[in-house]
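Undergrad: Got a predicted structure plus its sequence, pasted below:
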Amino acid sequence: MARAPINGPVWVVVPTYEEAATIEQLLRAVLAATRPVVAGEVRVLVVDDGSPDGTAEIAERVGDEVGGVEVMRRSTKDGLAAAYRAGFARALEGGARLICQMDADLSHDPAALPRMLAATAHADVVLGSRYVPGGGVEDWSRARRVLSRGGGIYARRVLGIGVRDLTGGFKCFRREALEAVDLGSVRSRGYAFQIEVTYRAIRAGFRVAEVPITFRERSAGESKMTAAIALEAAWRVPLLRKHDGAERHRPLAPWASLSRRIALILFAAVLLSAGAVWAASRGGKTAAAPPHPVPTIQSDPSPLPTATPIDTPARRMASAQRRRDVSRAAALYGAMQSVFYHSSEKLFVERSGRKSRPPHNSFLWPYSQAVSAILASSGVPGGATKSDLSDRIAGFERYWDTAGIPAYAFRVQLRSADPNEHKYYDDEGWVALDLLRLHAATGSPLAFQRAQEVFAFLTSGWDSSPSHKCPGGVLWKQPPNNKTRTTVSTATAGEVAVRLYMLTGKPSYLAWAKTMDGWLQRCLARGDGLLRDNIDQKGHVDAATWSYNQGSAMTLASLLYQATGQRSYLDRGLKLARSAARQLRTAQFLRETRIFPAIFFDNLLRFPAGSAAEHDRWRAAAQAWADREWSASRDPASGVVRRGPTTPPQLIDQAALLQLYSDLANDGQARPAGA
């Protein structure tokens, strides 16, 4: 059976220094291996540290010939970690969904990339592993084997994790995992960087899989391994555990003293091996390895390797909980399609029981929230398919209204009927976010085009009148007599702007995002970071701190951090997330309509928490809310979520619970594209 295509964009980051002998072969091999299996863009980013042998020029020439190659020129050679940090930042800025790293010297076989990319369907970090069944090394000296094996066992023992190949440099990351690692604070500079990044991802709760590879010693050029690099890896590992914080580790088992003795012995072996490598490399070059052919690119029919996550009782319990979340998400999606979906119209009805008596199609706001939930369910067995997602794009087109500034009418019946009928700016923000996710999931050019057109409409709602109190902000709705500027309109518009910047690289989008975020902080933020709801032209502020406003604002802050690298955005977002989490038991939160908490938790579960324990607390709160709503509000017979004993079930309530159970099922897993 043919494998499903892997959704891009996929970026492969390759640090180089004096790799002229192999870079062209590598680039052509990587593109030949990945382009047939990736649905979307593949880009190889060469991060060159001023190679005097013309490595960068060769890479640029290959890019001109075949496309898909970008060269980042750095003026100085300041280490592997710095090169990877720069490359990863560029890939994230460029909108990469999956980011791989590999060596430039053909030690890593590009033919393994399709299997590693496929493994991201069930893991967040995929390691090309020499030390799982099926993996291995070729053309290595005894000293190099001892160093690598001993270093891996040593790191595994000291850090208390089960990954078998911590020191390898052939990896693929899902975007969310790489963002959570916080590369700017990684302390390691040499090959210890590989250990630290993987360790941080594990401690943040991401799933790791190891795919067997064969590592071949380079046949050309100089090895970058030195005694200093090996020694850094040896002494840095204990510091990782120390800096990680003792409170985040379980007490050591009774045999820990023996484990420590073993670790010390292995540590000594690593030092001795490092000395051997240093002695062998004093002349500046490694001994020549026997030549071997360039890896052959061919289709790989081998089955997907089994992931090797860390197996603990807590993880097994989490796995059982996830199975229940998956089951509930699938049931909610099935009921939504059965009760609310009008297949011939490609639309949903607002309330149950009205499919036979149109026109009762839903308003734009519930439809957009249903689409968001359906996108999340596409990563759940029994959830939405790619065909379902394409139908959602067609459904949006039923609302498209070209009267005035083109955007989406608030209900189907009004499209193009009256240019004075209002469009809601806050609705348009949600729609644009859905469209960008649909574009990521399906590759639809129309979805991407519409998202850009909607953003133009959103900026038309920017209130720039200097006569108004706190000028700026995006209005709530279109009629000229409305001067209320809201958090939700402005925050979602800002999020759309950042995402468009990441996809297009246009500075104007980033400038808009910064302006919108700045207005929110200036006019509606409280001292604890929470955002109040709205402000009118006279300066009267609605002080309600609805949870969905906080979710949108924290995501905007996180995206600005990703786009700019400025830590202040992330710190502010974390402050907001913590303040919002503290109000989960307040009277206001408990009386909110269901979709507000669902949106909030959707954003909270994506936000990079300060620690794995903090994320676990956030997840537990989301789980408790979802389970309470499931027990109290869902009708077991029909599968729909009830609003009350006499009120017909509403589409937006069904979407809220589907969204959250899909998020819980996807949490810590590889999320679907766009979800």
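TA: Structure received.

Undergrad: Might you list the low-confidence residue ranges for the protein?
TA: Scanning the chain for pLDDT under 70 picks out the ranges 1-5, 143, 189-191, 218-319, 353-359, 413-421, 479-481, 668-675.

Undergrad: can you map out the helices along the stretch 51-200 of the chain?
TA: Secondary structure of the stretch 51-200 of the chain by DSSP state H, counting those that start in this stretch: the helices cover 55-66, 80-93, 113-119, 142-159, 175-181, 192-203.

Undergrad: I'd like to know which of those lies nearest to K386.
TA: Of all these, it is helix 113-119 that lies closest to K386, at 16.6 Å by Cβ to Cβ. All C-beta spots, glycine's among them, are computed from the backbone N, C-alpha and C.

Undergrad: send the alpha carbons of the closest one over as CSV?
TA: Presented in CSV, the C-alpha positions along helix 113-119 are these (Å, rounded to 0.1, in the frame of the first residue of the first chain):
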residue,chain,number,x,y,z
LEU,A,113,14.4,11.0,5.2
PRO,A,114,11.0,9.6,3.9
ARG,A,115,10.9,7.1,6.7
MET,A,116,11.9,9.7,9.3
LEU,A,117,9.3,12.2,8.0
ALA,A,118,6.6,9.5,8.0
ALA,A,119,7.4,8.8,11.6
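
Undergrad: got TSV for the helices of the stretch 51-200 of the chain, with mean neighbour count too?
TA: As requested, the helices of the stretch 51-200 of the chain are exported to TSV (neighbours: other Cβ atoms under 10 Å):
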stretch	mean neighbour count
helix 55-66	18
helix 80-93	21
helix 113-119	23
helix 142-159	20
helix 175-181	22
helix 192-203	24
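
Undergrad: and V431, which of those is closest to it?
TA: Taking Cβ to Cβ as the criterion, V431 comes closest to helix 175-181 out of these, the separation being 22.8 Å.

Undergrad: Surely G136 and F215 touch.
TA: Yes: in this structure G136 lies within contact range of F215 using Cβ atoms under 8 Å: 7.4 Å.

Undergrad: Including distance to A493, could the helices of the stretch 51-200 of the chain go into TSV?
TA: Rendered in TSV, the data for these read as follows (distance: least, Cβ to Cβ, whole Å):
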stretch	distance to A493
helix 55-66	35
helix 80-93	20
helix 113-119	33
helix 142-159	43
helix 175-181	22
helix 192-203	32
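
Undergrad: Put the alpha carbons of stretch 28-40 into CSV.
TA: Provided in CSV are the C-alpha atoms of stretch 28-40 (Å, rounded to 0.1, in the frame of the first residue of the first chain):
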residue,chain,number,x,y,z
ARG,A,28,20.4,16.7,-5.1
ALA,A,29,20.0,13.5,-3.1
VAL,A,30,17.8,15.2,-0.4
LEU,A,31,15.5,16.8,-2.9
ALA,A,32,15.2,13.6,-4.9
ALA,A,33,14.3,11.6,-1.8
THR,A,34,11.8,14.1,-0.3
ARG,A,35,9.9,15.7,-3.2
PRO,A,36,8.0,12.5,-4.2
VAL,A,37,6.7,12.0,-0.7
VAL,A,38,5.9,15.5,0.5
ALA,A,39,2.7,17.3,-0.4
GLY,A,40,4.0,20.9,-0.4
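
Undergrad: Which residue of G136 and F215 possesses the greater neighbour count?
TA: The neighbour count for G136 versus F215, taken as other Cβ atoms under 10 Å, is higher for F215 (22 against 15).

Undergrad: Specify the local secondary structure of the more buried one.
TA: Per DSSP: H, G, I helix; E, B strand; the rest coil, the local secondary structure of F215 is strand.

Undergrad: switch to numbering from 41
TA: From this message on, residue numbering opens at 41, which makes the last subject F255.

Undergrad: residues touching the closest residue to it other than its chain neighbours, list them.
TA: Leaving out its chain neighbours, the residue that sits closest to F255 by Cβ to Cβ, 6 or more residues apart in numbering is V177, at 4.7 Å. Going by Cβ atoms under 8 Å, 6 or more residues apart in numbering, V177 touches 170, 185, 188, 254-257.

Undergrad: Provide the secondary structure category for L372.
TA: Under three-state DSSP, the three-state class of L372 is helix.

Undergrad: Please give the element, helix or strand, for the nearest residue to it once chain neighbours are set aside.
TA: Leaving aside its sequence neighbours, L372 sits nearest to L698 (Cβ to Cβ, 6+ apart; 4.2 Å). In the assignment (DSSP states H and E), L698 maps to helix 691-706.

Undergrad: Same check on E385?
TA: Secondary structure from DSSP H and E places E385 outside every helix and strand.

Undergrad: What's the local residue count around it?
TA: E385 is surrounded by 16 other residues when neighbours are defined as other Cβ under 10 Å.

Undergrad: For the nearest residue to it once chain neighbours are set aside, list each beta-bridge partner.
TA: Counting by Cβ to Cβ, 6+ apart, the nearest residue to E385 once its immediate chain neighbours are dropped is N401, at 6.5 Å. Here N401 sits in beta bridges with V389, as judged by DSSP bridges.
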